[in-house]
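> Quick check, what structure comes out for this input:
(one chain, ligands or ions: 1)
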Amino acid sequence: MTSYPKTDALMQRGAQFLGSETAILCGAMSWVSERNLVSAISNAGGFGVIACGAMTTDLLDAEIAATKALTDKPFGVNLITMHPDLFDLIDICAKHEVGHVVLAGGLPPKGSVDAIKEKGAKLICFAPMLALAKKLLRSGADALVIEGSEAGGHIGPVSTSVLAQEILPELSEENLIFVAGGIGRGDMIASYLEMGAAGVQLGTRFACATESIAHPDFKKAFFRAGARDAVASVQLDPRLPVIPVRALKNKGTEEFTAKQREVGLLLDQGSVDMNEAQLRIEHYWAGALRRAVIDGDVENGSLMAGQSVGMVKQEEPVADIIATLMAESEAALERR
Ligand SMILES: Cc1cc2nc3c(=O)[nH]c(=O)nc-3n(C[C@H](O)[C@H](O)[C@H](O)COP(=O)(O)O)c2cc1C
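Residues are numbered from 1 along each chain as shown. This next block holds a predicted model:
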């Protein structure tokens with residue numbers, strides 16, 4: 001893209017790695033990041049990522065094939081490490097020659113890094129802190145995403161600005177680090193690029209794009225919301241270390257408290273172990289997100305959204321969102 005020379009220059013490494021025009025990834029969002037949004041992002045010069053979530057191997061197989069029918073540009077697949085069929089899902093990605101696999105939800109289980117890389121794909125991992133970032137790179141990750149607590153969906157405890165300061169100066173010269181969480185404008189993209197980021201990942205800003213299949217009521221809730229409406233879930237039971245989720249506050253937020261009580265009780269009774277308890281919490285989120293995204297139940301479903309939701313004002317085509325972000329970044333760099 002010639003209209004954004006300064007931004008393009010800073011994004012060059014990241015874009016080359018992804019095989020896309022810009023180094024802007026649309027982070028995988030369960031139920032939202034399916035064939036339509038993913039292909040639209042990649043066709044518009046970004047990098048789309050399919051959210052596998054709890055999909056079966058057959059569903060993922062079909063979703064990748066359908067996405068390929070809509071774009072000849074590269075896109076990635078996000079797999080959750082705790083998925084019971086992780087290795088079969090990796091095989092499906094290999095069958096379709098998916099170029100980039102993103103592993104989310106914790107450290108890669110034994111053998112998964114080799115399985116992904118043996119088949120020729122590049123591996124992207126999430127790094128929640130510097131020590132783990134180094135460990136993941138040593139174990140074979142080709143690039144990292146550092147995602148701060150401003151983000152929508154499952155979050156870590158540290159803000160994007162602190163993670164960026166801790167990790168970019170130390171690792172970004174020799175490694176590809178993408179920054180995610182709380183990015184709503186191109187000005188912010190310019191800053192992270194200047195600090196050494198190879199690119200950025202956004203979710204909330206793309207969730208309500210014209211091409212997103214999210215229910216109109218889900219989108220309306222985003223347009224109405226401000227940053228302070230996107231709150232992190234509270235951990236009720238200290239024994240049950242649930243990963244916090246950032247979502248718009250609604251009745252579903254309270255239902256999650258009740259769900260934790262219910263699962264805590266099952267732990268007390270010894271009828272489930274800790275793994276099963278955590279799996280039940282994750283299944284709860286997947287179901288609640290589906291209710292909001294697909295059914296449009298914005299009262300009881302989960303409206304996962306990051307704090308940048310206040311900057312999402314209307315439905316716009318993906319190409320316009322990317323063009324706006326690039327123009328804002330370029331203007332910011334020109335003002336320097
Ligand atoms: C509705 C929603 C669903 C998400 N689902 C997933 C997911 O299934 N897997 C994942 O790795 N990240 C998920 N995320 C995180 C995004 O991929 C992305 O990293 C995040 O949205 C970036 O921060 P931002 O929301 O501040 O732009 C989700 C985010 C949202 C808003």
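> Could you use CA atoms for every contact and neighbour count after this?
Noted.
> What parts of the stretch 51-200 of the chain come near the ligand?
On the criterion C-alpha under 6 Å from any ligand atom, the ligand has as its neighbours in the stretch 51-200 of the chain the residues 51, 53, 104, 150-153, 180-183.
> pLDDT-wise, what's the bottom of these?
pLDDT across those is at its lowest for Gly53, which sits at 93.
> Need the max-distance pair from the residues of the stretch 51-200 of the chain next to the ligand.
Across those, the longest distance by C-alpha to C-alpha is 23.0 Å; it joins Gly53 and Ile183.
> What are the buried residues along the strand or helix carrying Cys93?
Using DSSP states H and E, Cys93 sits in helix 86-95. Of the residues in helix 86-95, those scored as buried under the neighbour-count criterion (16 or more other C-alpha atoms under 10 Å) are 86-87, 89-94.
> could you redo those as CSV and give each row pLDDT?
What follows is those, written out as CSV (pLDDT from 0 to 100):
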residue, pLDDT
Leu86, 96
Phe87, 97
Leu89, 98
Ile90, 98
Asp91, 97
Ile92, 98
Cys93, 98
Ala94, 98
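> Nearest to Met326 among those?
When the buried residues of helix 86-95 are compared against Met326 (criterion: C-alpha to C-alpha), the nearest one is Cys93, at 30.4 Å.
> And Ile281, what's its pLDDT?
According to the prediction, Ile281 has pLDDT 89.
> Using PDB, list the CA coordinates for the helix or strand containing Ala323.
Using DSSP H and E, Ala323 maps to helix 318-335. C-alpha atoms of helix 318-335 as PDB (Å, rounded to 0.1, in the frame of the first residue of the first chain):
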ATOM      1  CA  VAL A 318     -13.800  -4.300   7.000                       C
ATOM      2  CA  ALA A 319     -12.000  -2.500   4.200                       C
ATOM      3  CA  ASP A 320     -13.100   0.900   5.600                       C
ATOM      4  CA  ILE A 321     -12.000  -0.100   9.100                       C
ATOM      5  CA  ILE A 322      -8.500  -1.100   7.900                       C
ATOM      6  CA  ALA A 323      -8.200   2.000   5.700                       C
ATOM      7  CA  THR A 324      -9.100   4.200   8.700                       C
ATOM      8  CA  LEU A 325      -6.700   2.500  11.000                       C
ATOM      9  CA  MET A 326      -3.900   2.800   8.500                       C
ATOM     10  CA  ALA A 327      -4.600   6.500   7.700                       C
ATOM     11  CA  GLU A 328      -4.700   7.300  11.400                       C
ATOM     12  CA  SER A 329      -1.400   5.500  12.000                       C
ATOM     13  CA  GLU A 330       0.200   7.300   9.000                       C
ATOM     14  CA  ALA A 331      -1.100  10.700  10.200                       C
ATOM     15  CA  ALA A 332       0.300  10.000  13.700                       C
ATOM     16  CA  LEU A 333       3.700   9.100  12.300                       C
ATOM     17  CA  GLU A 334       3.700  12.200  10.000                       C
ATOM     18  CA  ARG A 335       3.000  14.400  13.000                       C
END
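> which stretches of the chain have low pLDDT?
1-2 (pLDDT under 70).
> residue at max distance from the center of this structure?
Distance from the C-alpha centroid of the chain peaks at Gln269, with 35.4 Å (C-alpha atoms, centre = their mean).
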